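Undergrad: predicted model, plus sequence, below.
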Amino acid sequence: QVQLVESGGGSVQAGGSLRLSCAYSGYTFSSSDCMAWFRQAPGKEREGVLYIAGDGTTNYADSVKGRFTISKDNAKNTLYLQMNSLQPEDTAMYYCAAGGSACWRPNTFPYWGQGAQVTVSS
């Protein structure tokens, strides 16, 4: 059984930083898969933030380039999202996802974490 467990959400002021972790089990990252971070703000659709593909390629939404970084610790089976220079518009529930066949399309991901709330105040 695949499990993704997120941690590290919280509240910060604008300009601050947070790091989200996604510990996964029962899942083997393959060369044809993606692991990704998505976010969803109230009243908005879920959107891709950044992903890492099985070949190591990473890609970022324009809104977070230069501020957010995705990384992966294979020994710990953990995916990370480092968020710097946070802004109020980054406020959302953040989800890690695994097993995606199309890295920006949430409906191709079969496995999801429970979500971690990030709130940024001005």
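TA: Everything's here; your move. Predicted model, so just to flag it, every value in this text is computed and none were measured.
Undergrad: what secondary structure does the residue nearest the centre of the chain sit in?
TA: With distances taken as CA atoms, centre = their mean, the residue of the chain nearest its centroid is Trp37 (2.1 Å). With DSSP: H, G, I helix; E, B strand; the rest coil as the basis, Trp37 sits in strand.
Undergrad: separation between it and Ser122?
TA: 23 Å (CB to CB, to the nearest Å). For every residue, glycine as well, the C-beta is placed using N, CA and C.
Undergrad: and if you look at Asp73?
TA: 33 Å.
Undergrad: if we can go back for a sec, touching, the residue nearest to the centre of the chain and Arg46? I think so.
TA: No - with contacts counted by CB atoms under 8 Å, Trp37 stays clear of Arg46, the gap being 10.8 Å.
Undergrad: list residues touching both of those two?
TA: Shared contacts of Trp37 and Arg46, defined by CB atoms under 8 Å, 6 or more residues apart in numbering, are found at Tyr95.
Undergrad: quick check: end-to-end length of stretch 38-58?
TA: Stretch 38-58 has an end-to-end distance of 14 Å (CA to CA, to the nearest Å).
Undergrad: report the buried residues of it.
TA: Phe38, Arg39, Gly48, Val49, Leu50, Tyr51, Ile52, Ala53 (16 or more other CB atoms under 10 Å).
Undergrad: got it, and stretch 60-75?
TA: Quick answer for stretch 60-75 (16+ other CB under 10 Å): Tyr60, Ala61, Val64, Phe68, Ile70, Lys72.
Undergrad: same list (those) but as TSV, adding secondary structure, pLDDT and distance to Asp33.
TA: Conversion of the buried residues of stretch 60-75 to TSV gives the following (DSSP: H, G, I helix; E, B strand; the rest coil; pLDDT from 0 to 100; distance: CB to CB, whole Å):
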residue	secondary structure	pLDDT	distance to Asp33
Tyr60	strand	94	18
Ala61	coil	94	19
Val64	helix	96	21
Phe68	strand	97	21
Ile70	strand	92	14
Lys72	strand	91	12
